[in-house]
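A.B. asks: give me coordinates for this.
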Amino acid sequence: MSSDRSACMALRIAKAVGESTGATGRAIAIGSERRGPFNSALLGEKPLDLYGTLEVLGGHVGEVDPATLEDFIESLRFFWPLCSSQTLIKALLALGQANALDVGTCRLLLQQLEARSEFLGRSDREALLLLLALHKSSFDRSTAVLGLPHPLYDEAAKRLIKDLSRDACGKISSGPIESLSRPVLALAELKVLDRRALHALTERLVSGRLLSLSPSAFVSLVYAHRLVRGPVPLEKLRMPLCLAFGALLHAMTAKQVGIPGRSPTKWALK
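C.D. replies: Residues are numbered from 1 along each chain as shown. Have a look, this model is predicted:
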């Protein structure tokens, strides 16, 4: 497909979104008319127009004609290799938010990200890890219903996930415990929390720092450990988990307390 067609599709989507979002959408549309979304990528710079279009698209779900959106995504098929890692990650997020990330597009994006994984910065690696965990849950449901191949089980996706998790043990051992909850839960859901990382997580949970956590961080860490360890906790974890649960209970939501299988107190008392 030609770059002219891709630019045209980006413009159509920007204009469609711009009708309901005002200045932001109009600015992206004007930028696409003047430069086209891929010129800066060809020059080795950040593709601001495509990035901006994806950002607006992700923030306004359902406001773009589905046929136009489908044409736009198809037109990008041969241009993903020209995009920066940040734009590829933004595409995973925005297309997921718009419920428009199909198996084929996801596989293409993950292949490109795997090829440049060693150049990803720390914040990009963490953001990508969280996104992959979210998409795994979504594709677990949709691929089973539709009988499609799961994009996260491709070899490129497996290599990418393995690379993103390679320093998990060190981060769990030394990172601030409050900041560990989301990435650790993502690692558990992606099934890459290995024995060393699990041991490090167990030691952090036993350390007595649980009382300093927010309720959401506490529940996430406990649930991540349960996903990997199973329904019966280690004996040394029961006391710190019960003490922390009692101290944080007043600030927990009903969902955090009562979800079957996720309640920290139910697990700790088994």
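
A.B. asks: which intervals of the stretch 1-150 of the chain have sub-threshold pLDDT?
C.D. replies: Along the stretch 1-150 of the chain, the model assigns pLDDT under 70 to residues 1-49, 58-63, 145.

A.B. asks: now the element after the helix or strand Ala94 falls within, going C-ward?
C.D. replies: Assigned by DSSP states H and E, Ala94 belongs to helix 85-97. Downstream of helix 85-97, the first helix or strand assigned by DSSP H and E is helix 103-115.

A.B. asks: mind listing what's buried along the helix holding Ala94?
C.D. replies: Within helix 85-97, the residues that count as buried by 16 or more other Cβ atoms under 10 Å are 85-96. In this view, the C-beta of every residue, glycine as well, is placed from N, C-alpha and C.

A.B. asks: again, but for stretch 160-171
C.D. replies: Buried residues in stretch 160-171, counted by 16+ other Cβ under 10 Å: 160-161, 164-165, 168-169, 171.

A.B. asks: which one of these is nearest Val206?
C.D. replies: Of all the buried residues of stretch 160-171, Cys169 has the smallest distance to Val206: 16.1 Å, by Cβ to Cβ.

A.B. asks: mind pulling up the pLDDT for that closest one?
C.D. replies: Note on Cys169: pLDDT of 86.

A.B. asks: which parts of this protein are strands?
C.D. replies: Listed in chain order, the chain contains no strands at all (DSSP state E).

A.B. asks: per-domain residue ranges of it.
C.D. replies: Segmentation of the chain into domains, based on automatic domain parsing, reads 1-100, 107-164, 168-270.

A.B. asks: would you map the helices across the stretch 101-250 of the chain?
C.D. replies: Using DSSP state H, counting those that start in this stretch, the helices found in the stretch 101-250 of the chain span residues 103-115, 122-146, 155-164, 168-174, 181-189, 195-206, 215-229, 235-248.

A.B. asks: for the helix holding Ala94, packing partners?
C.D. replies: helix 48-59, helix 103-115, helix 122-146 (3 or more Cβ pairs under 8 Å, 6 or more residues apart in numbering; DSSP states H and E).

A.B. asks: out of the buried residues of stretch 160-171, which comes closest to Leu248?
C.D. replies: The nearest member of the buried residues of stretch 160-171 to Leu248, counting by Cβ to Cβ, is Lys171 at 23.4 Å.

A.B. asks: I'd guessed that closest one sits against Pro183; true?
C.D. replies: Yes: look at Lys171 against Pro183 with Cβ atoms under 8 Å: they come within range, at 7.3 Å.

A.B. asks: let me see the contact set for the nearest residue to Ser220 once chain neighbours are set aside.
C.D. replies: Distances taken as Cβ to Cβ, 6 or more residues apart in numbering place Ser181 nearest to Ser220, at 3.9 Å, with adjacent residues excluded. Going by Cβ atoms under 8 Å, 6 or more residues apart in numbering, Ser181 touches 213, 216-218, 220-221, 224.

A.B. asks: generate the ChimeraX command that creates a selection of the buried members of the residues you listed.
C.D. replies: Selection of the buried residues among the contacts of Ser181 in ChimeraX, burial being defined by 16+ other Cβ under 10 Å:
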select :213,217,218,220,221,224
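
A.B. asks: quick check: phi and psi on Cys83?
C.D. replies: Note on Cys83: backbone dihedrals following degrees, to the nearest 10 are phi -90, psi 150.
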